[in-house]
Structure formats: C-alpha cells, structure tokens
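> Return atomic coordinates for the entry below.
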Amino acid sequence: MVKENGFTIIELVAVIVLLGILAISIIPRSPTKGSLTIAGQAHQLASDIRYVQSLSMTRGQRFCFRLTSTGYNMTTTAANACTATSTEHPAGIALPISLDGVSVNSTLPAGDVIFNGKGAPYTDATTALAADAVITLSGEGGTMTVTISPVTGRVVVGP
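Reported below is the predicted structural model:
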C-alpha cells in the first residue's frame with residue numbers, strides 16, 4: 001500500500017475560509033490615510049509647541065506660539081507681545097506652517113501662547129494660562145486634541 005502525502009480539498013477550503021475571516025476582521029481596524037494625517041499633524045503641532053517652550057527656557061526670553069485657523073507660526077516677542085518675526089524651525093521648515101486638510105480650533109482667547117523664560121505659558125503679556133488650553137484639529141481622519149497645561153506648559157496629544 002502506497003501512502004500519499006498532501007492535503008485534502010476539505011483541509012484547503014477550511015484554511016482559506018479561516019484566512020478570509022481573519023482578513024475581514026483586521027481590515028476595519030487599520031488606520032485610514034486621514035487619521036494618520038490628523039495624528040501626524042497633531043504630534044508635529046505638539047512638538048513645535050514644546051520647541052517654542054524650550055527656546056524660551058534656554059534663551060531666557062519670551063517666545064510666542066501663534067495659532068491661526070489653518071496653521072501656526074512661532075515668533076519672537078517684543079514688549080511682551082507676539083511679533084510678525086518668525087523664529088527658526090528646528091527642521092528648517094518655512095514658517096508659518098499650514099495644516100493641510102485640517103481645521104483648527106482652540107480655547108486660547110487670541111490664539112497665542114507666550115512662554116516666559118521659565119517655560120510657563122501666558123495668553124498675553126501679563127496673564128498666565130489659567131486653565132488647560134485645548135487645541136482641536138479636525139479633518140477627514142477624525143479629531144485630535146493638543147492640550148497645554150497651565151503653570152508647567154506640559155503638552156499632551158490625545159484623541
């Protein structure tokens with residue numbers, strides 16, 4: 001008697017069905033291009049806010065992070081107010097930065113955060129940030145928030 005090695009048709013069909021079920025269950029969980037874009041832009045925004053804060057602390061002077069409806073700018077300050085003079089971006093990106101396909105809203109009164117020489121956030125020349133400043137980025141991929149804490153200026157990205 002000759003023993004034949006191989007798979008039966010029933011075993012092959014069962015494996016194909018199981019692979020199909022696994023593929024269907026995994027596909028909806030993969031991120032969309034829009035959600036990756038929103039998340040990436042939120043993390044870049046948070047990183048740039050941290051950069052402005054670190055500039056303030058290392059140079060011992062005030063720097064401003066100015067938010068607009070379509071993007072943001074990082075500027076110097078004069079007489080404790082934001083100026084039109086952009087500071088350098090650590091990656092050499094031209095300022096102001098535009099957030100493509102994203103709308104930006106925030107709880108900041110004028111859209112400005114001024115960091116003093118110790119890194120504490122202010123909303124203007126004399127008013128310290130009193131509560132969490134929440135910046136909301138909305139677009140095709142959903143919504144992400146960037147939160148700036150009062151006193152410490154801690155920056156957190158969340159859903």
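
> Give me the neighbour count for the residue nearest to Thr87 when sequence neighbours are not counted.
Spatial nearest neighbour of Thr87, chain neighbours left out: Met74 (5.0 Å); criterion: Cβ to Cβ, 6 or more residues apart in numbering. For every residue, glycine as well, the C-beta is placed using N, CA and C. Met74 sits with 22 neighbouring residues when counted by other Cβ atoms under 10 Å.

> The helix or strand where Met74 lies - which strands sit beside it in the sheet, and in what orientation?
Assigned by DSSP states H and E, Met74 falls within strand 71-78. Strand 71-78 has the following sheet partners, assigned by DSSP bridges: strand 63-67 (antiparallel), strand 81-86 (antiparallel), strand 97-98 (antiparallel).

> Select, out of those, the one closest to Met144.
Closest of those to Met144 is strand 63-67, at 14.4 Å (criterion: Cβ to Cβ).

> and that closest one, average pLDDT?
For strand 63-67, mean pLDDT rounds to 92.

> and the gap between Ala42 and Ile49?
11 Å (Cβ to Cβ, to the nearest Å).

> Pull up the overlap in contacts between these two.
Val146 (Cβ atoms under 8 Å, 6 or more residues apart in numbering).

> Surely Glu88 is within a strand?
No - going by DSSP: H, G, I helix; E, B strand; the rest coil, the assignment for Glu88 is coil, not a strand.

> what's the burial count for it?
11.

> Which strand or helix spans the spatially most central residue of the chain?
By Cα atoms, centre = their mean, the mean C-alpha position of the chain lies nearest to Ala42, the distance being 1.2 Å. Element membership for Ala42 (DSSP H and E) is helix 33-59.

> For that helix, what does the pLDDT average out to?
For helix 33-59, the per-residue pLDDT averages 86.

> Mind giving me the packing neighbours of it?
Counting contacts by 3 or more Cβ pairs under 8 Å, 6 or more residues apart in numbering; DSSP states H and E, helix 33-59 is packed against strand 63-67, strand 71-78, strand 102-106, strand 112-115, strand 133-139, strand 142-148, strand 155-158.

> Now do it against strand 142-148, angle only.
For helix 33-59 against strand 142-148, the angle by axes from the mean of the first three to the mean of the last three Cα atoms, to 10 degrees is 10 degrees.

> quick one: buried residues of helix 33-59?
By neighbour count on 16 or more other Cβ atoms under 10 Å, the buried set for helix 33-59 is 35, 37-39, 41-42, 44-46, 48-53, 55-57.
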